[in-house]
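K.L.:
make a model of this:
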Amino acid sequence: MKIDRRNFLTYTTAAVLGGAAGSMLTPAPWKLMDDVSIWTQNWPWTPVPEAGPVTHKQSACTLCPGGCGINVRFVGTRPVKIEGLKDHPVNKGSLCPMGLSGLQYVYGPDRVGSPLKREGKRGEGKWKKITWNEALTAVTDKLASLRKSENPQSLACITGSSRGTLPSLIGRFLTVYGSPNLLRPATVQDANEQALFLTQGKQGTLGFDIENADFILSFGSGILDGWGSPGRMFRLFGTRKSEQRIIQIEPRLSNTAAKASRWIGINPGTEGALALGLAHVIIKESLYNKNFIEKFTFGFNDWTDDAGITHTGFATLVEAYSPEKVSQITGIPKPLIESLAREFAASPRPLAINGRGQGTLPGSIDESLAMQSLNALTGNINQIGGIYIVPEQTYAKWPDLGMDATASKGMQQPRIDGAGSDQFPNTRSLLNRLPGLINSVKGDSPVQALLVVDANPMYTLPDTAATRKAFDKIPFIVSFSSYMDETAAYADYILPDHANLERYQDIPTPAGMAHQTITLATPVIEPLYDTKHTGDALIHIAKSLGGFVEEAFPWDDYETFLADTLQDHWSDLKEKGVIEISPDSKDSAVLSFNTASAKYEFCPAAATRQGSKDSNAPSAYTPAAIEGDEKRFSLLLVPYDSIRLSGEQIANSPFMTKTVEATVLKKQMTLVEINPKTAKTLALKEGSKAVLTTPKGKASVIVHLYEGIMPGLIALPRGLGHTAYSEFLAGKGTNTNDLIGSVEDPASGFDMAWGIRAQLSKA
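P.N.:
Sure, this is the predicted structure:
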């Protein structure tokens, strides 16, 4: 037996415990254990904390878009702890498990320490370490060859977000290069933005004044499970007033539902119908804000356009959603629907919020319109405790772009994903459509080169098998990931970015915030490895391409670009770390809308068009056509979010994975939740090994009986099932995207698949 520290302690402890009872009355065993402890602490590989003065540096967490302020504690020159920054306007000292474990992302074994070139087959894990000059030259040469062949539009870039200066820099690069194909995953924020534009005619994000609302109607929003800014939500619950009521409506008893004032179970995917049913009761019983409806809205009642065509108003539309009918759709009792509507309308500051789980699934436009109609019915727009329009962040204007004929021709080509087309005119990006569109093309892929920045589509996109098939057709893939994630492991080149705490990054207003903030993450340590800021890499590539592409990037590096972009804000941000732009009290009191009617439009006049029929306007409620034959797949599988797991581009830290309960992950297998009544019909018991099958794939799971999930449903957590990263994460559980595909919203193209039909059988 190898005598290492663990085995030696095991052996000596067993010897002590195996001694006679009489010897336990002597000091010998305890002296022996003390000697062993002292001895092992003097082994050369025993970690010893660095000595030195204790200092603190302030920055911001960049591991998610939450924009939380952080305080990094140093002992000597080494950071040893991350805490929430108490005076930051977003989180005010609170921090989620990912933020708290931020040091593990810097020092963990998943880091890519230098540029790498693939040696073997894709995904085989054979790499050659190369210099930055070699890496940047290889990428530049490939991009130059695409432009030379008059195919600049065949370059695409996937980013994790469109907000902030880095995505804007990437967008500028693609534009002057000649490609319209900047793609990113859509979230509920995108669906709400479209609903905001259709009803109020304004560009911006939807902000929720949750802190001041007294009755929050949450349509599945995981307030304590990662929705919005986790630090802000933790603070909300920590300082929550007793009179504030939170009603959580979702099919499963989540952590948020358990902490809410009340949980109401609902059939998955029917939340939009419930919103219209509540509106039905509010209108029928005249509980709506009559002053707001009469003065500031359009399309509430039927109306006739100049061509003499009569259009259906919102009040008429919701007549079809009686409590009786909505009860049949949602599974919620009729009396409860009625009482919920009355309570919501009677509250002084009611607020309806949406976005299932962490809000990463956009859902349909109809759904967002239905839920936001409740805030309009109560007149709680631009009011304390209501919804606010947060303008898009405006920074300094960059130098005008000059474009050559190649770039102009490329930019005239349609986007590969169909966003902005006649079919989806208001949609900015549809990454969920990319794999299917590439796979549908016979011959060469329309994407010949792919850059991936702050994203991990090989893990996060639905239908992993289809994504892998599509990526197989792309000849040249470059990942700028700091970590060996699934997409990096499948790339041809990896040009690793700095990690959190090592780089500059601006963070615009987090999702759901009711007013503007700009946070600046500043580097608090020097880069540990041979990495480079992605912004610096792109600027270098642009200058190497020459011509108009080079002229579009007059900055020496990303820090210079960031300072020039933020201009007057730069010095304040470097000093304070955050700028808070509170809404003007005078502006808040004024209700202004940029629609055709200059009012809030329940039924958008621009969508119906003068002289056209209502079929051109968004419908009231469109249920997602969930994939799978009901006879073969008798159950419904719904993924769920947890604050202890990350299903996005940055995976769980070892600390987060360690905190996952044994009811979620056990012996490297995911536990599937099922209601005991449903399990009984399938002859399944607690702890049984089973096979979970969907139209997209199958997985081995362990059965967990859970009263907190509605009958007929099964649930799996997002954030497990990684095939890359280190041993702390790889091979643990099932990735829900291996089992669930995408369902397209006909109005926007967004993914609206909240789940999929499934079957669960004994292993």
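
K.L.:
how is this structure divided into domains?
P.N.:
Per the record, the chain has its domains at 5-41, 131-188+398-497+532-566, 205-390, 635-762, by automatic domain parsing.

K.L.:
just put these in JSON lines and tack on distance to F74, mean pLDDT and mean neighbour count.
P.N.:
The C-beta positions use only the backbone N, C-alpha and C, and glycine is treated the same way. Below are these laid out as JSON lines (distance: least, CB to CB, whole Å; pLDDT from 0 to 100; neighbours: other CB atoms under 10 Å):
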{"stretch": "domain 5-41", "distance to F74": "24", "mean pLDDT": "45", "mean neighbour count": "12"}
{"stretch": "domain 131-188+398-497+532-566", "distance to F74": "21", "mean pLDDT": "97", "mean neighbour count": "20"}
{"stretch": "domain 205-390", "distance to F74": "21", "mean pLDDT": "95", "mean neighbour count": "21"}
{"stretch": "domain 635-762", "distance to F74": "19", "mean pLDDT": "96", "mean neighbour count": "20"}
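
K.L.:
of all those domains, which lies closest to L95?
P.N.:
Taking CB to CB, domain 205-390 is the member of the domains of the chain nearest to L95, at 5.4 Å.

K.L.:
what's the straight distance from one end of the closest one to the other?
P.N.:
Taking CA to CA, to the nearest Å, domain 205-390 runs 5 Å from one end to the other.

K.L.:
tell me how far that domain lies from the chain's centre.
P.N.:
21 Å (CA atoms, centre = their mean, to the nearest Å).

K.L.:
do stretch 752-763 as well
P.N.:
That offset, for stretch 752-763, works out to 22 Å (CA atoms, centre = their mean).

K.L.:
can you get me the start-to-end distance on it?
P.N.:
End-to-end span of stretch 752-763 (CA to CA): 31 Å.

K.L.:
how about the helices in the stretch 301-450 of the chain?
P.N.:
When secondary structure is read from DSSP state H, counting those that start in this stretch, the stretch 301-450 of the chain shows helices at 314-317, 323-330, 334-346, 365-377, 405-411, 434-440.

K.L.:
so which of these gets nearest W132?
P.N.:
For those, the distance to W132 is smallest for helix 405-411, at 26.5 Å, taking CB to CB.

K.L.:
tell me which of the helices of the stretch 301-450 of the chain lies nearest to L274.
P.N.:
Closest of the helices of the stretch 301-450 of the chain to L274 is helix 323-330, at 5.0 Å (criterion: CB to CB).

K.L.:
any chance of a markdown table for the helices of the stretch 301-450 of the chain, columns distance to T55?
P.N.:
Supplementary listing: the helices of the stretch 301-450 of the chain in a markdown table, determined by distance: least, CB to CB, whole Å:
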| stretch | distance to T55 |
| --- | --- |
| helix 314-317 | 59 |
| helix 323-330 | 55 |
| helix 334-346 | 50 |
| helix 365-377 | 46 |
| helix 405-411 | 49 |
| helix 434-440 | 46 |
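
K.L.:
let me know which of those helices is the nearest to A563.
P.N.:
helix 405-411 (27.1 Å).

K.L.:
what's that closest one in contact with?
P.N.:
When contacts are defined by CB atoms under 8 Å, 6 or more residues apart in numbering, helix 405-411 is touched by residues 147, 150-153, 175-180, 403, 548-549.

K.L.:
can you redo the domains of the chain as JSON lines with distance to I525?
P.N.:
As requested, those are arranged in JSON lines below (distance: least, CB to CB, whole Å):
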{"stretch": "domain 5-41", "distance to I525": "28"}
{"stretch": "domain 131-188+398-497+532-566", "distance to I525": "14"}
{"stretch": "domain 205-390", "distance to I525": "22"}
{"stretch": "domain 635-762", "distance to I525": "17"}
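
K.L.:
to V80, which of those lies closest?
P.N.:
Closest to V80 of those, according to CB to CB: domain 635-762, at 14.0 Å.

K.L.:
ends of the closest one, what's the gap?
P.N.:
Domain 635-762 has its terminal residues 14 Å apart, counting by CA to CA.

K.L.:
what do you get for stretch 157-167?
P.N.:
Taking CA to CA, stretch 157-167 runs 10 Å from one end to the other.

K.L.:
rewinding a little: nearest to K473, out of the helices of the stretch 301-450 of the chain?
P.N.:
K473 sits nearest to helix 434-440 of all those, at 5.8 Å, using CB to CB.

K.L.:
chain center to the closest one: distance?
P.N.:
Centroid separation between helix 434-440 and its chain, computed with CA atoms, centre = their mean, is 23 Å.

K.L.:
that helix packs against which elements?
P.N.:
In terms of contacts (3 or more CB pairs under 8 Å, 6 or more residues apart in numbering; DSSP states H and E), helix 434-440 is packed against helix 464-472.

K.L.:
next SSE downstream of the helix it packs on?
P.N.:
Using DSSP states H and E, the helix or strand that directly follows helix 464-472 along the chain is strand 476-479.

K.L.:
distance from the chain centre to that next one, please.
P.N.:
Remark: strand 476-479 is offset 23 Å from the chain centroid, using CA atoms, centre = their mean.

K.L.:
and for it, what are the contacting residues?
P.N.:
Strand 476-479 is contacted by residues 139, 142, 448-452, 471, 485, 487-488, 490-495 when judged by CB under 8 Å, 6+ apart.

K.L.:
phi, psi for R118 please.
P.N.:
phi -70, psi 140 (degrees, to the nearest 10).

K.L.:
hang on, I643 packs against I223?
P.N.:
No. The pair I643 / I223 is not scored as a contact, 10.2 Å apart, by CB atoms under 8 Å.

K.L.:
so how far is stretch 77-88 from its chain's centroid?
P.N.:
The answer for stretch 77-88 is 24 Å, by CA atoms, centre = their mean.

K.L.:
what's the mean pLDDT across that stretch?
P.N.:
Stretch 77-88 carries an average pLDDT of 95.

K.L.:
just to revisit the earlier point, of the helices of the stretch 301-450 of the chain, which is nearest H280?
P.N.:
Closest to H280 of these is helix 323-330 (CB to CB; 7.1 Å).

K.L.:
contacts for that closest one?
P.N.:
Contact with helix 323-330 is made by 266-267, 270-271, 273-274, 276-277, 280-281, 332-334, 337-338, as judged by CB under 8 Å, 6+ apart.

K.L.:
and the angle from it to helix 334-346?
P.N.:
Computed by axes from the mean of the first three to the mean of the last three CA atoms, to 10 degrees, the angle separating helix 323-330 from helix 334-346 equals 110 degrees.

K.L.:
coming back round to it: out of the helices of the stretch 301-450 of the chain, nearest to A191?
P.N.:
Of the helices of the stretch 301-450 of the chain, nearest to A191 by CB to CB is helix 365-377, at 4.4 Å.

K.L.:
tell me what the closest one is packed against?
P.N.:
helix 188-200, helix 271-284, strand 350-357.

K.L.:
and these as JSON lines, adding distance to S261?
P.N.:
Output for these, formatted as JSON lines (distance: least, CB to CB, whole Å):
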{"stretch": "helix 188-200", "distance to S261": "23"}
{"stretch": "helix 271-284", "distance to S261": "17"}
{"stretch": "strand 350-357", "distance to S261": "13"}
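
K.L.:
for these, which one sits closest to A651?
P.N.:
Closest to A651 of the helices and strands packed on helix 365-377 is strand 350-357 (CB to CB; 16.9 Å).

K.L.:
in this structure, which helix has the most residues?
P.N.:
Counting residues, the longest helix found in the chain (DSSP state H) is helix 132-148.

K.L.:
for it, which outside residues touch it?
P.N.:
Defining contact as CB under 8 Å, 6+ apart, one finds that helix 132-148 is touched by 115, 117, 152, 154-155, 177-178, 406, 448-449, 476, 478, 493, 495, 530, 532, 537, 540-541, 544-545.

K.L.:
direction included, what does the very next helix or strand once past it pair against?
P.N.:
On the C-terminal side of helix 132-148, the nearest following helix or strand under DSSP H and E is strand 155-159. Neighbouring strands of strand 155-159 in its sheet, by DSSP bridges, are strand 182-183 (parallel), strand 449-453 (parallel).

K.L.:
between the ones you listed, which one is nearest to R78?
P.N.:
Among the strands paired with strand 155-159, strand 449-453 comes nearest to R78, with 29.1 Å by CB to CB.

K.L.:
great, nothing more from me.
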